[in-house]
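Peer 1: Dropping a prediction and its sequence here:
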Amino acid sequence: MQKAKAKATRSRKARSRPEDNHRRQHERAAIRSEAFANAILDAKFYATDPKRLRGLFEEASRKAAAIPKEPFKDSWPYLQAMLRLIRSYVRGEYRHAPPEALLTIIAAVSYLVDPFDLIPDEIPFLGFVMTWETTAL
């Protein structure tokens, strides 16, 4: 009887799929990247300056209204939620967001406004092409 219970308990445990592990490795690498560290530093600056954060929100709202929604249909609700959270934070209506989450959201929204160079120029050719592509837009 105990063997059956132990076997049932083991089978109920969530098993991680190889693609989940692969995704987590990339997420951890992105979090450790220099570009992400810089984005978080910028986000801290926005978070401590309400006037600047309001300006970021307004610019991001204008850009979001101008971009086509179809290519982003799966992530569009998340962008809208991030913008609403920032607006509520700026207005002082909602201050319960964890600081790390708020900084990550501000960093993501600031990327929408001003796409920083995620691929460093040290990577031959590719970094320069990506810089050129984002500035050409």
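Peer 2: Everything's here; your move.

Peer 1: Extract the C-alpha trace of stretch 63-80 and format it as CSV.
Peer 2: This file holds the C-alpha atoms of stretch 63-80, laid out as CSV (Å, rounded to 0.1, in the frame of the first residue of the first chain):
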residue,chain,number,x,y,z
LYS,A,63,3.9,55.3,-29.2
ALA,A,64,1.6,52.4,-28.2
ALA,A,65,-1.3,54.2,-29.9
ALA,A,66,0.8,54.6,-33.1
ILE,A,67,2.1,51.1,-33.5
PRO,A,68,0.1,48.4,-35.3
LYS,A,69,-1.5,46.1,-32.8
GLU,A,70,-1.8,42.9,-34.9
PRO,A,71,1.9,41.8,-34.7
PHE,A,72,1.6,42.2,-30.9
LYS,A,73,-1.9,40.7,-30.4
ASP,A,74,-0.6,38.2,-27.8
SER,A,75,1.4,40.7,-25.7
TRP,A,76,-0.8,43.7,-26.3
PRO,A,77,-2.9,43.3,-23.1
TYR,A,78,0.4,43.1,-21.1
LEU,A,79,1.6,46.3,-22.5
GLN,A,80,-1.7,48.0,-21.7
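
Peer 1: Name the residues of it that come out as buried.
Peer 2: 64, 79 (16 or more other C-beta atoms under 10 Å). C-beta coordinates here come from the backbone N, C-alpha and C atoms, glycine included.

Peer 1: low-scoring stretches of this protein, by residue?
Peer 2: Within the chain, the stretches with pLDDT under 70 are 1-32, 116-137.

Peer 1: What ranges does it have for its helices?
Peer 2: 2-12, 18-32, 34-48, 50-66, 76-91, 99-113, 126-136 (DSSP state H).

Peer 1: ok, now how distant is Ala101 from Lys63?
Peer 2: 22 Å (C-beta to C-beta, to the nearest Å).

Peer 1: no no, Lys51
Peer 2: 19 Å.

Peer 1: Contacts only, for Tyr111.
Peer 2: Tyr111 makes contacts with Ala39, as judged by C-beta atoms under 8 Å, 6 or more residues apart in numbering.

Peer 1: same check, this time on Trp76
Peer 2: Lys69.
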